[in-house]
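here's my sequence, what's the structure:
(chains A and B)
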Amino acid sequence: MDELAVRKLVERARGGDADGFATLFKLFRPDVERLCARLLASDSEAEDATSEAFMRSHRSLDSYDSAQSFRTWLLSIAAHHCIDQLRRRSTEQRIFDPSEFDPEQHSTPSPTPLHQRLRAEVREQIFDGLCALPDRYRAPLVLRYFADFDYDEIGAVMDVTRNQVATLLYRAKRRLREQLDPAAEHDAASAAIRLVSRGPKS
Amino acid sequence: MSCFPEFTYSVYVDDELSTEERRGVDAHLVGCRTCRELVSLLRDEAGLLSDVLHEREPRWQPAIAVETDPAFALGLPLAIVIVTTAISVVGYLLETRWPGGLTLLNPLRLKGAFELAFDLVFLLRDRVPGLPELALALGVVAAASALLSFGVRLLMSRVGRVSALLLFAAAPLLLPDPASALDLRLDQDVQIATGERIPETLAVSGDTIDIDGFIDGDLVAAAERITIRGTVDGNLYVFTRDLEISGEVTGSVHAGTERTRITGKVGGSVLGASENFSISADGEIERDVALWVDEAAFDGKIGRDVLFSGRWLEIRGPVGRNVDVRHGERLSLRDGANIGGDVDAVLEADEIEIASGATIAGELTQVAPEGMEGHRLSHYSEPEYYVFVALRYAAAVLFGILLYAALPGLFDARSPNASSLFRSMATGFLFVIATPLLILCCALTIIGIPVAVLGASVYIVTLYTAKIAVGSLIGRRVMGTEPGIVPFAVSLLVGLGLLSLVTALPFVGFAVAIVAVLYGLGMIYDRALEYHAAL
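All right, here's what the predicted structure looks like:
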């Protein structure tokens, strides 16, 4: 469904048309639910979070600025809620602790970037790796690469600055690489070349 | 110009550098092959992450978003039809063409069953020393850790971290003191000699237990052979192959045995399941006898009622009140039998034998048992049956909703395909068989009885939950899966309703129920594993 049709539905929903909102719900629920599941790494919580996100969006439908994409608006409501949930989780009370963002040697060599043309089971491994990442790393990756948020939008949801988003994403990817290939060569450039020559490019 | 750090390229690839920065990077890339390759790899990486996050269904993905497996369309219904048809046809043929053919599987038949269970458990204990202890340790650790981790998580998510920890810290204060009047003995052979006196409840596990002395409390015992020649001034709770009471038990006897012989006196009632049960002419039971026994012979005196279900009952002594035979093949009242009340027997007329020297003070009521087929079909004409089905249905729906409120994740199962159906059923079958054996092993150690009781409750609840889980799965397939408790309740109403209707059908229903429970157990197991993995 194109953006225009979505806008019409939003208008109808704003006018109090329950069917309009129900259609929006049906349309976007899979996306919202998947986002929540990936952020929370829990299906039961994802289901609750999805209901909560739709409830909140219904309440604040009037505040939706139609210049923005409805999907992004809706997903950021869901993401806000999920991040709150993650914060509430006891295991990592200080998930998004800003004190972590001390200036760091960003040029530290790291394992190689992941190569695109990998076989299915490697993709599974990557997915499992994503699931196993700590919340503070998984969240920005999911928001950036699943919800297609830009740094500002991620920062708004996670309550951090643009630069911190960049750092989190960079570290998250490095952590993921380390996790997938702990014995990786610690020279990015040479290892990258090795990966290209080895990669099963089809 | 020197190369930029990888961090900068990472942001560059995400198209989040300022215009100025981007120009600088672009300029550098023109002249640096290494950095161009790095950027290309980073782009690939970003694309890969996006692909992986979009394409692959996470393992905790609820059923709704899972595309129906093509195998589901044909394989699953086919698998269900094959299994249920096979069970139904075999059951029908056996019951109609070969009367008595299914008695081997009839749980009301005890011949051989007790012997088998005792053989297995005691053989395991003999040949694998430490097995009951191992089962107990595993049981304790599993039960305690499961309860604790579940409880802590639940509390933390519901009441917050600090309050949860406080509650757990306070928990030990709320626990009662351990019972002090308990003497626990775990030994090969336990003997309480004549003249010895145990002033408290005695709990024993061993190979042979001989009580010649006096126990001023209950006796809880598991052993291969238990002989009571002395006195137990309390109740008896025993699990043993051979039980012989020639002394006195002032309380009641609760026994699961292979053979029981009472030549002494029991002050209370006798409740038991056994293969062979006898009360000798000298024996006396002051109150009731309720038995589920294959063969029973009462030569001694019974103070009040006899309730019997089994195969064969012979009475030669006095019974104070009524004799009620619910199920069996033969009731013999020999010379000397003297029944103070009525005799009610669900038996064929030629299965009751009353000797000329036997007397019945009340009335003899004989009701022919309904044949298997008649029995199976007749209840459909009784209104009580439908009330019962409706009540059971309402209770199951209520229980399911409560369960959903506590553990919504339990019901997020995917629809099965043919192979996962069989795999889940195999898991369920293993659970059905293995759990009671483990529970029995735990109970054998005596100190493991609480664990065994806990395990047994979990076992029963899980069996019950299995059907509800399958009902919810069916309901969600029919009604769709809106999140929230109300849509869940509606889908459960529909799903369980359909399942209850099908399982109430004659012949087929039983088979469907078996499939549903086995599959539901496997499903719960899978969900538990996934839940654990997702943590």
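
and residue B:307, bridged to which residues?
residue B:290, residue B:324 (DSSP bridges).

list the contacts of it.
B:288, B:289, B:290, B:291, B:324, B:326 (Cβ atoms under 8 Å, 6 or more residues apart in numbering or on different chains). C-beta coordinates here come from the backbone N, C-alpha and C atoms, glycine included.

average pLDDT for the helix or strand containing residue B:134?
Residue B:134 belongs to helix B:131-159 when assigned by DSSP states H and E. Helix B:131-159 shows a mean pLDDT of 68.

could you identify the most distant pair in the contacts of residue B:307?
Between any two of these, the greatest separation by Cβ to Cβ is 14.1 Å, found for B:288 and B:326.

comparing those two, which residue is more hemmed in?
residue B:288 (20 against 15; other Cβ atoms under 10 Å in any protein chain shown).

residue B:194: what secondary structure?
Recorded secondary structure, residue B:194: coil (DSSP: H, G, I helix; E, B strand; the rest coil).

check contacts around it.
Contacts of residue B:194 (Cβ under 8 Å, 6+ apart): B:212, B:213, B:230.

again, only this time at 6 Å
Remark: with contacts taken as Cβ atoms under 6 Å, 6 or more residues apart in numbering or on different chains, residue B:194 is in contact with B:212, B:213.

dihedrals phi and psi, it?
Per-residue torsions, residue B:194: phi -60, psi 130 (degrees, to the nearest 10).

mind checking how far it is from chain A?
61 Å (Cβ to the nearest Cβ, to the nearest Å).

show me how chain B divides into domains.
Listed by automatic domain parsing, the domain ranges of chain B are B:6-55, B:65-106+B:377-534, B:108-175, B:182-374.

okay, these, which one's buried deepest?
domain B:182-374 (a mean of 19; mean count of other Cβ atoms under 10 Å in any protein chain shown).

show me the contacts for the nearest residue to residue B:300 once chain neighbours are set aside.
Excluding the flanking residues, the one nearest residue B:300 by Cβ to Cβ, 6 or more residues apart in numbering or on different chains is residue B:283, at 3.4 Å. The contact partners of residue B:283, by Cβ under 6 Å, 6+ apart, come to B:262, B:263, B:300.

and of these, the nearest to chain A?
residue B:262 (54.5 Å; Cβ to the nearest Cβ).

correct me if wrong: that closest one contacts residue B:245.
Yes - Residue B:262 is in contact with residue B:245 according to Cβ atoms under 6 Å; the separation is 4.8 Å.

contacts only, for residue A:73.
So residue A:73 contacts residue A:64 (Cβ under 6 Å, 6+ apart).

look up how far chain B lies from it.
Separation of residue A:73 from chain B (Cβ to the nearest Cβ) stands at 20 Å.

pLDDT averaged over stretch B:474-486 - what is it?
77.

which residues touch it?
A:47, A:50, A:51, B:64, B:491, B:492, B:494, B:495, B:498.

same check, this time on stretch B:328-348
Here stretch B:328-348 has contacts from B:310-316, B:318-326, B:351-355, B:357-369, using Cβ under 6 Å, 6+ apart.

show me those that map onto strands.
Among those, DSSP state E puts B:310-315, B:318-319, B:323-326, B:352-354, B:359-360, B:364-367 in strands.
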